[in-house]
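**Student:** Structure here, sequence nowhere to be found:
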C-alpha cells in the first residue's frame, strides 16, 4: 500500500495522521517519506508530535571518525551483529553536502548493501545541506521516526571530519570513534576534537603494523580503546559488548567512566 | 605567426613544444638510452630483426554465445589469416559464477563465451589444433580454474603440456585497480598467481602464466603515464610474489608478458611502448639482478582503445583503430588486436571483425612500416616523450614504494583515485571542446544510419542452463566432492593448487563450485570506496 | 529550507556482474556538481537490492549502468520490482552498450531514458535536472 499523504507538499493534518500511523506500523515507504518531509519542509516536524512514540528501549549509537578509518565497515558489521540477536536496526549515514552546489555524493551504503534485502534493516543516507555539527539538521528527527517505527538499534554515522562533531552528542546515547593506525598527525589532532565526544574508541584495521603503537598511544588518553578488523569482523562482538556494558546503568570497570576521555 | 591555441598538450597532459631539436636531448646518450634492437635496455625492441624476422601475431579477441558459437568464430578468423586465438569469456565466467546461478541471469554469452565446465571447454576448442595455434585467455579471478580446464582438454587429446603455448591474463592487481572483476582478497589472489607461475615453469614452460595488463587501467580513464607506471609496478609485484614463493627469477621471468592499450595520441603511444621496455629492463636488473637476458625483456600484446570508439558515426571507428594500431606497430608490439567498429553497440559482427583484421593486414603488408626496426628511434620528439614517460612513471614507482607496495596502495584507493581524477579531467576537456571528438562534440550529424549488429538471444542461456543441469545429474558426485575437498585442503595448507584444480575439473566440478569452494578458504574482497 | 529548493535525490549504481564503473562514477560526480544528492550503491547490485535501497532512500530516480549486455533482463526486472512495491513514481534511467532496438523496447516498457557510450555527460545532467520530485 502506498502511504497516503506522501506528497512532498503534505501539510494537511489528516494526511499527517495517516502517515504517522503508517510509520508506527513500520511501513518502509512511510518512514522514508516522513524522513524526506523532515529534511525538506519545516512543517514536517508537526508529524513527529503525532508519532506519539512510547519510550522504547531503543539504543542510539553514534559512530564518528576520520574518512578512511572504516566507519561504514564497522557500522556494517555492527548491523550484522545486532541482526543476529534478532534486533531491528536503523542506520542513518551522514555525508557532507557541497557548499557550492548543494549536491552530495553519498557512498556509505556501498559498505552496507549486503543488508539491502533484509527487512529488519533500514538504511538512509543523509546530506548535511549546509548544517554544521557533523550531522544533518534532520538526523535527530529521523532517529525519532525510526524509533517510532520499531527499530531497536539506531546507528548514526557522522560526516567524520574530526571537527564540529558536537551534534552527535545530543542525539546518540553513546558515541564510538573509529580511527585507523598510522594516521600520525591526524590522531594527534583528533585527541582534542573527536575524542572529546567519544565514549569508546576503536582502532580499526587492527591488523596493520602500526596498530599496536596507535593502541598504546590512545590508551594513555582514554580507558575504552578496542581493536577491530572490520573487514573480517574481528573485535566486533567485543565492541558490541562494550556498547552494551556502557549502557548498563551500573556498569563496573573502566567502561562507563570513559566520558570525555 | 599566431598559433591555433595557446597551449598544445599530449593526451597525458604534457606540454608539447612547437618543435623539438637537439637541445631537448642534451645529455642524452644513444648507447645508454637506446642500445641496438634486441639489446639492453631494449628501447628499440626485444628482437634484433623485429618485424623483418617475423610479423606480430594478429590475435582478435573473440567470444560470444555458446562454446559452439565461439568455436565457429575462431575457425572463421583462422580461415581469414589470423594466427592466434584470444578467448573472451562472458561476465558470469569472468566472475567465477555458473551459468545457472541467479546472478548470471541475463548475462549468458553476452560479452563473451559462457564456460562453466570442462565439457564447455572441450566444445570451445573442438577441432582447433593446440599444437599449432597459440591461445590467449582473458580471465583473471578464476584464471587458474580455466587454465586447469585447458590443460585437462590437452591431456584428453594426448598433447604433452610442454608443447602448449599461449597466455593466461591472470592479472588480478589491475582488477582491483580498474576493471573490478575480482574474487578473493589480494593476498590469496597473489598466491594463486604464484602457483600458476610455479606450475608453468615446471610443467608448461612455453606458456605465459600472466599477462600484466595496462589495457584496462587505460580504459578506466588513466593517462599513458599512469598506465605505464601502474602496469609495470604490478609486474614487479608479481615478480616479488613468485620470488617470495621460492622461485628463482630466471626460472619464470622470461615467460612474463604484458598487455598495453594503443590509444589516440600516436607519438605518445609509440613512446609509451619504448619507455615500457626500457623501464622494465632497468628496474628488473636493478631489483633482481637476473642472469638470463630474457628475464628483463618486456614482450607485449596491444589492443586498440575501446574507450575511444563512439556510438555516433560508427564507421569513423575504423579510422581511429587504424591510427592506434599503427602506434602499436611503430612501438614494437609482439601481438595485436584491432577493435571492430561496432563494439560500442554490441559484440562485433563477422564483417566488422574481418575489417578489423584486414586493417592489421594492410598495415603489415601495404604500408611498408615494418621494413626498418624502431623507425622513430632518434626522433627528437619521440625520444623526449620516451624520457618524460619513463621519468613520470618512475615518480609513481617511488610513491608506490613509499606506500609499502601496490597492495597497500590499492587498499588506500590510491591508483583508483588517480585514474578517476584523470578520467574526469579528460571529460572536462572534451566538454569544453579543448579535445575534439569527431562526430561527438564536433561534426555531429543529427540523423544517423544504423549499422547491423550481433544479437545474442536468451536461447543461449536456456541451453547452457539445461546442459549444466544434465552435467550435475550425470557426474559422479561422490568423486566430484572428494576432488573439491582435496582442493580446499591444498588451498588452506599452502600447497600448489594447480594439480588439485586439474583433478577437480576432470571430476566435473563446475567453475562456480570450484570458485565458491576457494572462497570458503580465501574469503571475498571488498573494495575501498573511491568516489 | 522549503520544498522548492530541496535537492533531487538520485540513486546511481551498477547492476549485474560487470565492473566497469568509470562512466557511472563520472556521472555521479557530475550530478553532485549539478546540485543533486547522489546515493551511490556500488558494484554488482541485484535489481532487488537497488529497488529496496531506492525506497529506503526515497529517491526521485534510479540511474543504472550496464555494459555487459544484460540490459534487457535487468532493466525489466527493476521495473517489475518497482511496480510490485507500488513505487512506480520513482523514475528509471540508465546507460550502457545498448543497441537502438533494445533502447526502443525498453523505453516503451517504461525506462525513462537510456544513454549510449559517448553521450555527453551534460545531456545526462540536463535529463536528471528535468525530472520532477516524485510523490
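**Tutor:** Structure received. Please read all numbers here as calculations on a predicted model, not as lab measurements.
**Student:** tell me the contacts of the nearest residue to residue B:303 once chain neighbours are set aside?
**Tutor:** With sequence-adjacent residues excluded and distances taken as CB to CB, 6 or more residues apart in numbering or on different chains, residue B:303 is closest to residue B:337, at 4.2 Å. Heads up, the C-betas are built off the backbone N, CA and C, glycines and all. Residues counted as contacts of residue B:337 (CB atoms under 8 Å, 6 or more residues apart in numbering or on different chains) are B:59-61, B:86, B:301-304.
**Student:** try residue A:152
**Tutor:** A:56-59, A:82, A:87-89.
**Student:** how about the nearest residue to it, chain neighbours excluded?
**Tutor:** Leaving aside its sequence neighbours, residue A:152 sits nearest to residue A:87 (CB to CB, 6+ apart; 4.4 Å).
**Student:** Hmm, that neighbour is touching residue A:154, no?
**Tutor:** No - counting by CB atoms under 8 Å, residue A:87 stays clear of residue A:154, with 10.4 Å between them.
**Student:** partners of the helix-or-strand element of chain B with minimal mean pLDDT, with directions?
**Tutor:** The helix or strand of chain B with the poorest confidence is strand B:61-62; it has a mean of 90 (mean pLDDT, DSSP states H and E). Strand pairing for strand B:61-62, using DSSP bridges, gives strand B:84-88 (parallel).
**Student:** residues touching the spatially most central residue of chain A, list them.
**Tutor:** What sits nearest the mean C-alpha location of chain A, by CA atoms, centre = their mean, is residue A:156, with 0.8 Å. For residue A:156, the contact set (CB under 8 Å, 6+ apart) comprises A:60-63, A:91-92, A:94, A:135, A:139, A:143, A:168, A:171-172.
**Student:** Wait, residue B:278 touches residue B:41, no?
**Tutor:** Yes - applying CB under 8 Å, one finds residue B:278 in contact with residue B:41, separated by 4.4 Å.
**Student:** higher neighbour count, the two?
**Tutor:** Counting neighbours by other CB atoms under 10 Å in any protein chain shown for residue B:278 and for residue B:41 shows that residue B:278 has the greater number, 24 against 21.
**Student:** who's in contact with the more buried one?
**Tutor:** The contact partners of residue B:278, taken as CB under 8 Å, 6+ apart, are B:33, B:41-43, B:386, B:390.
**Student:** Residue A:87 and residue A:154: which has the busier surroundings?
**Tutor:** residue A:154 (25 against 16).
**Student:** Next one: that one relative to residue C:109, how far apart?
**Tutor:** Separation of residue A:154 from residue C:109 (CB to CB, to the nearest Å): 39 Å.
**Student:** List the residues that contact the residue nearest to residue A:159 when sequence neighbours are not counted.
**Tutor:** In space, residue A:159 comes closest to residue A:96 once its chain neighbours are excluded; the distance is 4.9 Å by CB to CB, 6+ apart. By CB under 8 Å, 6+ apart, the contact set of residue A:96 is A:104, A:127-128, A:159, A:161.
**Student:** Over to residue A:213?
**Tutor:** Going by CB under 8 Å, 6+ apart, residue A:213 touches residue A:181.
**Student:** ok, and for the strand or helix carrying it, which residues are buried?
**Tutor:** Taking DSSP states H and E as the definition, one finds residue A:213 inside helix A:211-219. Across helix A:211-219, burial judged by 16 or more other CB atoms under 10 Å in any protein chain shown covers A:211, A:214-215, A:217-218.
**Student:** quick one: what helix or strand has the closest residue to residue B:44 other than its chain neighbours in it?
**Tutor:** Spatial nearest neighbour of residue B:44, chain neighbours left out: residue B:374 (3.8 Å); criterion: CB to CB, 6+ apart. Following DSSP H and E, one finds residue B:374 outside all helices and strands.
**Student:** any idea how far the residue lying farthest from the centre of chain B lies from residue B:137?
**Tutor:** Using CA atoms, centre = their mean, the residue of chain B lying farthest from its centre is residue B:1. It sits 44.7 Å away. Between residue B:1 and residue B:137 the distance is 54 Å, computed by CB to CB.
**Student:** Kindly report the same for residue B:277.
**Tutor:** In terms of CB to CB, residue B:277 sits 24 Å off from residue B:137.
**Student:** and the stretch 51-200 of chain B, which residues reach chain C?
**Tutor:** Residues of the stretch 51-200 of chain B found near chain C (CB under 8 Å from any CB of the partner chain) are B:90-92, B:94-95, B:97, B:102-107, B:110-111, B:175, B:179-181.
**Student:** Can you tell me which of these end up in helices?
**Tutor:** B:91-92, B:94 (DSSP state H).
**Student:** can you pick the most crowded of those?
**Tutor:** Neighbour max across those (other CB under 10 Å) = residue B:92, 32 neighbours.
**Student:** ranges for the helices of chain C?
**Tutor:** C:22-33, C:47-57, C:71-84, C:100-109, C:121-129.
**Student:** Ok, the stretch 1-150 of chain A next?
**Tutor:** A:13-24, A:28-40, A:45-51, A:71-84, A:139-148 (DSSP state H, counting those that start in this stretch).
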